[in-house]
Each structure stands twice: as structure tokens, then as C-alpha cells.
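Colleague: structure for the following, please:
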Amino acid sequence: MTQRTPTFLHLAVAGLAAVFVASSALAAPARRVRPRPARPRVVPATGIAPRLLGVCGQPVAGSLAFSSDGKHLVVGSGRMASGTSPGEVRVWDVASGLVMYMLPYTSPVNAVAYAPVGDTLAASTVQSRVLVWSAAAGASLRTLAPPRTTGGLCLAFGPKGGVLATGGGDLAGGQFPGEARLWDVKSGRLLRTLPHPHRSVVSLQFVPGSGDCLVASRGLGADSQGSLDLWDKSLKTHRWTRVAPDLIGAALVAGGASVASVQSEVAGKQYLLRVRLWNGKNGTAQSGYRAPMGGWAISPSGGLLACSGADRKSIAVRDVRTGRLLHRLECSYPPASLSFAFSTDSRMLAAGTQDGSVLLWTLK
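Modeller: The predicted structure follows:
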């Protein structure tokens, strides 16, 4: 086919058409694009399966802790119903599942803690003996023995690992007063005693930035009245206090910007966990929600809550602020009987069972 050479008239017409199209595009109003609403996260019906890390020689009850890098997991065990039965502490290498070492105790171990920096571990027993040792070698460094107290319920290292706070009391009979104590880790010297004459200290945690210490306590014996108290890092200056009936424990959220309290509540014939959020600076109430009763843990970053699932057969990992379900975890054990601990980066969740098994989930 013969191609025709464009004439001057053809070129002029084409040029005018291009100018018209361009000017029309410039004159047209900008088209607004409406942002699409974010789709709610759909939690898969099939839960995340656990990995069996190992088995302790005794039941695990509330005493698990990850090292700051997530490479090691320390687990304390023992039969809590009998304060005279033996207990033990085992330290696992998370990647290989091998036990690095095992330390026997003369009584059940109900609290363990890793220092956020350095090479230090601590564990307390129902007889309130607190032992501090080298995490790498498993060598004992010293023993702290608070007098006139029974049931070492909680431990917390300061942000730099130089101080250790211990808390306890007699929850059952109220024969011994509750108290929180502050120790110098290197020397073992007692720095401060914070008495709670009619309460037992059930949880302690230091604010990462300021070093302020959150102390949660509850009544002794039949008294179920509890309280949240924020103190300075030396336990001398009191910041604020809030009443929390039927308090089980508490934890910091978002680096201390908020505080989450976990309380027990009766609804009809069911027992529930009531999670309440408080302003970390002044203690004013913020929000709250309910979850099934059972074991629970809040991640060190303060973003996640692990607790029993709605079906009471699986484990739910929720947004600690809103209660929104994020992960469903498979479990062949009753979730209500488990003890939990998150890794520092919130990517792993460990659980201890009544038969001594230690389970591990990797959160996707």
C-alpha cells in the first residue's frame, strides 16, 4: 500500500487537536480518589500449632521468662500446693530445644526473671528465698532471704539490671504481711522495704524510661480488695494509687504510657477476666473489656494479651488495648491451667503445663 506524505494542512490540524486535548485535560477538575476502608484482619479458623520445647520434672505454675534476645527460656517448677516439695529451674536453648542446665531447689519455684541487660537470672520460691545466679554458667551468685514473709510471688529487674524488686505475701491465710523490697544485685544489699500490712504484692514491673515501679497488691485471706500503685525507682516517692477489686495482676502497656490491670469477675455462673486500662501518668481510667478466666500474660512491649480463647479450648492472643483477636493458637491442654510468657519482641509465646510440658508458639 502506498503511503501518502502528510501535507502542511494535515500537520496543522493534528497540532490543533493536540493542543485542544491538552487544554481540556488541564481544565478538567481533579478527580478525588476515596480511600478504601481498611479491611478487618481475618483470623484463620485453623490455629497456630505449638512446638514441644521440653518437659520439666515438676508442674509449671507461673514461672517462665525469656532472655532479652529471645535465645533462652528459663522455667521454674514445683508443686505449689506443698511448700515443702522440691522444685527446679531449667534453662533451655530455644533454637535447639536442649537444656543448658538444671538447678534443683528444696521448695517449689513460683517466679523467675531475666535481667534486661547483663548476665543475671533470679528465681524465688514459696519459702521466699530469692536466688541470683549467672545466666550463662548457671553459677550461684547469692541468696536473698526476706524475713517474716512467705510466698515469693513476683520478681522484676530494673531497666539496667542493677536492682531487683521482690514481692510476696501470704495469700491464703494472711499470717504474714505482704511487702515489696528493692535489692542491689551486685552486693545483695537491701535498699528499701515497702510494707503492705494487709495486702500481698502479686506483680512488679519497672517503667523502661523513668525507672518508676508499678506495684500491684491484693488483700490477704478473704479480703479481695486490690490496688495499683506507681512509685519512683527507689520506692520512696508515691506517684498515684487506684483501687482494683479482685485484682489478679497488672502490667505496663506501651512503655508505661498505660497500665493494664487484670481482675476476676463473676458473670452469672461464669468467672471472667476483666482487663482495665489506666493512664500511666496519673492513673485515670481509660477503657476495658472481658475475657475468659484462665492463665494470662501481657507482652513486654505491652501490645499483646495471651489468655483462654472464647471456646475455652484454644489460646487467644489479643490486642491488649481493645481485646481484638489477633491470633488463635492450638492447644491440647486446658488453657485455664496454663502459665504464659512472651518473648521481648512479642514473636514467641511459651506456656507451662501442670504435667511439666513446655510449649512454644511462633506468632506470624
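Colleague: from here on, contacts and neighbour counts on C-alpha atoms
Modeller: Fine.
Colleague: so Arg129 makes contact with Cys154?
Modeller: No. Applying Cα atoms under 8 Å, one finds Arg129 not in contact with Cys154, separated by 11.8 Å.
Colleague: show me which of the two is the more surrounded one.
Modeller: Cys154 (25 against 20; other Cα atoms under 10 Å).
Colleague: hang on, that one in a strand?
Modeller: Yes. If the criterion is DSSP: H, G, I helix; E, B strand; the rest coil, then Cys154 is within a strand.
Colleague: which residues sit in contact with it?
Modeller: Asn110, Ala111, Val112, Ser124, Thr166, Gly167, Gly168, Val201, Val202, Ser203, Leu204 (Cα atoms under 8 Å, 6 or more residues apart in numbering).
Colleague: and it, how far is that from Ser134?
Modeller: 19 Å (Cα to Cα, to the nearest Å).
Colleague: can you show me the helices along the chain?
Modeller: 8-27 (DSSP state H).
Colleague: quick one: Ala95 and Ile315, what's the gap?
Modeller: 23 Å.
Colleague: looking at the two now, which is surrounded by more residues?
Modeller: Set Ala95 next to Ile315 and count neighbours by other Cα under 10 Å: Ile315 wins out with 26 against 10.
Colleague: quick one: contacts for the more buried one?
Modeller: Taking Cα under 8 Å, 6+ apart as the test, what Ile315 contacts is Ala306, Cys307, Ser308, Gly309, Arg328, Leu329, Glu330, Cys331, Pro335.
Colleague: and the contacts of Cys154, which two are furthest apart?
Modeller: Val112 and Val201 (15.4 Å; Cα to Cα).
Colleague: higher neighbour count, the two?
Modeller: A count of neighbours by other Cα under 10 Å puts Val201 above the other of Val112 and Val201, at 30 against 27.
Colleague: okay, that one: pLDDT?
Modeller: Per-residue confidence (pLDDT) for Val201: 90.
Colleague: use 36 as the first number from now on
Modeller: Renumbered: residue one is now 36, and that last one reads Val236.
Colleague: tell me what it is bridged to.
Modeller: Beta bridges link Val236 to Ser252, judged by DSSP bridges.
Colleague: quick revisit: between the contacts of Ile350, which is closest to Gln93?
Modeller: Among the contacts of Ile350, and counting by Cα to Cα, the member closest to Gln93 is Pro370, at 18.2 Å.
Colleague: OK, contacts around the residue nearest to the closest one when sequence neighbours are not counted?
Modeller: Using Cα to Cα, 6 or more residues apart in numbering and skipping residues adjacent in sequence, the residue nearest Pro370 is Ser343, 5.2 Å away. Shown in contact with Ser343 (Cα under 8 Å, 6+ apart): Ala326, Pro327, Met328, Gly329, Gly330, Trp331, Ser349, Ile350, Ala351, Pro370, Ala371.
Colleague: also Ile283?
Modeller: If you count contacts by Cα under 8 Å, 6+ apart, then Ile283 has Val237, Arg253, Ser296, Val297, Gln298, Ser299 around it.
Colleague: out of these, which is nearest to Leu282?
Modeller: Gln298 (4.3 Å).
Colleague: against Val110, how distant is the residue lying closest to that closest one once chain neighbours are set aside?
Modeller: Ranked by Cα to Cα, 6+ apart and with sequence neighbours excluded, the top spatial neighbour of Gln298 is Leu282, at 4.3 Å. Applying Cα to Cα, the value for Leu282 to Val110 is 25 Å.
Colleague: looking at those two, which is more packed in?
Modeller: Val110 (30 against 24).
Colleague: how many other residues sit next to the closest residue to the more buried one other than its chain neighbours?
Modeller: Nearest residue to Val110, sequence neighbours excluded (Cα to Cα, 6+ apart): Leu99, at 4.6 Å. Using other Cα under 10 Å, Leu99 has 27 neighbouring residues.
Colleague: partners of the closest residue to Tyr324 other than its chain neighbours in the sheet?
Modeller: Excluding its sequence neighbours, the residue lying closest to Tyr324 (Cα to Cα, 6+ apart) is Val310, at 5.5 Å. Taking DSSP bridges, one obtains Val297, Tyr324 as the residues bridged to Val310.
Colleague: does Val310 touch Ala286 like I think?
Modeller: No. If you go by Cα under 8 Å, Val310 and Ala286 don't touch, sitting 10.6 Å apart.
Colleague: which neighbours do these two share?
Modeller: Ala295, Ser296.
Colleague: neighbour-wise, which of the two wins?
Modeller: Ala286 (25 against 22).
Colleague: spit out the contact partners of the more buried one.
Modeller: Ala286 neighbours (Cα under 8 Å, 6+ apart): Ser238, Leu239, Gln240, Leu249, Val294, Ala295, Ser296, Ile333, Gly337.
Colleague: and the nearest residue to Thr141 once chain neighbours are set aside, its phi and psi?
Modeller: Distances taken as Cα to Cα, 6+ apart place Pro121 nearest to Thr141, at 4.6 Å, with adjacent residues excluded. The phi and psi values for Pro121, taken as degrees, to the nearest 10, are phi -70, psi 160.
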